[in-house]
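Asks: Quick one: sequence plus predicted model below, questions after.
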Amino acid sequence: MFRLGQAYLGCGEQTAKVELLLRRTASAYGMRRSRVVAFPTAVFISVHDKEGERVTLAECEPQTMRLDQMADVYRLGEAAQSGQVEPAEGLQKLTAILRQDPRFGPVGAIAGHTILTIGLALVLMPTLTNLAAASVLGLIVGLIKLSSKGRGVLAVPLPVIAAIVVSILVFLAIRRGLPVDPLHALVPPLVTFLPGGMLTLGMVELAYGDMVSGASRLIAGFVQLVLLVFGLAIGAALVGYRPEDLVNSAGFYVQLPLASWAGVLVFGLGVYLHFSAPRNSLHWMMLVLLCAFGAQRLAAGVFNSEISGFFGTLVATPLGYLIQLRFRGPPAAVTFLPSFWLLVPGALGLLSVARILSDRAAGIDGLVTVVFVITSIALGTLVGAAMYKWLTERFGWWQLQVGRVGSYFRRANKR
């Protein structure tokens, strides 16, 4: 149970859901008086068997799983919740899942990181120079991530190292006279380090009343943003630029029309390759990405950008569950997480924290905007999940009534 809980937390699942899934697992194996308390880095479990109560405390080391590993963990968890797997067999499968190699190998991971960086550049600021910078920087950061794989000592400073390298290269290009917008060139290659999902999940857990887990995730996400900006500032200083140069505007550059929609498709393909998404999931991922992005853009045109994320996740959340449960597609986390990354609350936070270095008033105002964005995304996730549950319950009730009517007429015909 604690190994499965560690895997769920490694997938980024909220703590309340982890507790529920582990209690269901205990019930499936005949232990109905189980108690589970989960935190982002620890799991407390108490179960009762024929001999008495057993209690364990398990640490959960922070880890990032690929999408194929997430899919396998959720499938194994479903089997455990129905008692279809022996505990020893489940442990072997968990070990195999954590050790399995990426589907597309190191070349696919690097190529995927380059492609998703280009896709995000198309969404944020689709200029020719920014696209060229994104392709080069995405490749370099992909190589940095691959070289640090398996070296735990580099896990913490890796985002800072990547930010320093990217900042140095961008400002060297600016010094050479290339018309590159600093912030919009710096954000795309660092997108896989941005804690947008962590910040949003922290807001969701606070909404559920999990104050310890929610607050810890929010603080950890904000610290990661500050570390990234610190790395960007160090890189700028090494080249001879000041932190104020991080906020240069590129509004006069010629932008590519309708490039953002193409960027969604490119971004989805990059995520599929870099995070080794499971088989037969690409078209589902693209569908959820396009629907979430379309809903966000439509809402931004009608309302404003601060609350547009609510409508994006309001569409993506039930659609992900619908694909999993009704169409037997990949787990909802596989199709839903790329939408989190596309909405880029972490990128907005990075821009705002960077602006504090030069204009504190503008930076604090930007952080307030980020709070609204994250809150709207979290609220959209909650409402979307509740709406899907309500619709399935109503749909199931109508199915039951139709079945009863059909049974009545069949019996009447027999008579």
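Replies: Received the coordinates, thanks. Numbers count the residues shown, from 1 in each chain.

Asks: nearest spatial neighbour of residue 16, skipping sequence neighbours?
Replies: Setting aside the residues directly before and after it, residue 16 is nearest to residue 208 in space (C-beta to C-beta, 6 or more residues apart in numbering), at 5.2 Å. C-beta: built from backbone N, CA, C; applies to glycine.

Asks: wait, what's in contact with the most centrally placed residue in the chain?
Replies: Compute the mean C-alpha point of the chain, and by C-alpha atoms, centre = their mean the closest residue is residue 337, 3.9 Å away. For residue 337, the contact set (C-beta atoms under 8 Å, 6 or more residues apart in numbering) comprises 12, 67, 70, 197.

Asks: Please list the members of those that lie in strands.
Replies: Secondary structure defined by DSSP state E assigns none of those to strands.

Asks: From these, pick the one nearest residue 27.
Replies: Distances from the contacts of residue 337 to residue 27 were compared by C-beta to C-beta; the smallest belongs to residue 70, at 23.7 Å.

Asks: still on that earlier bit, for the residue nearest to residue 16, what are phi and psi?
Replies: Geometry field for residue 208 lists phi and psi as phi -80, psi -10, criterion degrees, to the nearest 10.

Asks: residues near it, how many?
Replies: Counted with other C-beta atoms under 10 Å, the burial measure for residue 208 works out to 15 neighbours.

Asks: Likewise for residue 156?
Replies: Close neighbours of residue 156, defined as other C-beta under 10 Å, add up to 11.

Asks: Surely it is in a strand?
Replies: No. With DSSP: H, G, I helix; E, B strand; the rest coil as the criterion, residue 156 is assigned coil and is not in a strand.

Asks: Let me see the contact set for it.
Replies: With C-beta under 8 Å, 6+ apart as the criterion, no residue contacts residue 156.

Asks: From residue 227, how far off is it?
Replies: Relative to residue 227, residue 156 is positioned 9 Å away (C-beta to C-beta, to the nearest Å).

Asks: Quick one: the helices in the stretch 201-350 of the chain, in order.
Replies: In the stretch 201-350 of the chain, the helices defined using DSSP state H, counting those that start in this stretch lie at 211-239, 259-274, 282-302, 305-325, 332-343, 345-356.

Asks: Export these to TSV and append columns for distance to residue 88.
Replies: Output for those, formatted as TSV (distance: least, C-beta to C-beta, whole Å):
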stretch	distance to residue 88
helix 211-239	31
helix 259-274	34
helix 282-302	33
helix 305-325	28
helix 332-343	26
helix 345-356	40
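
Asks: Distance check, the residue nearest to residue 16 against residue 337.
Replies: Taking C-beta to C-beta as the measure, residue 208 falls 19 Å from residue 337.
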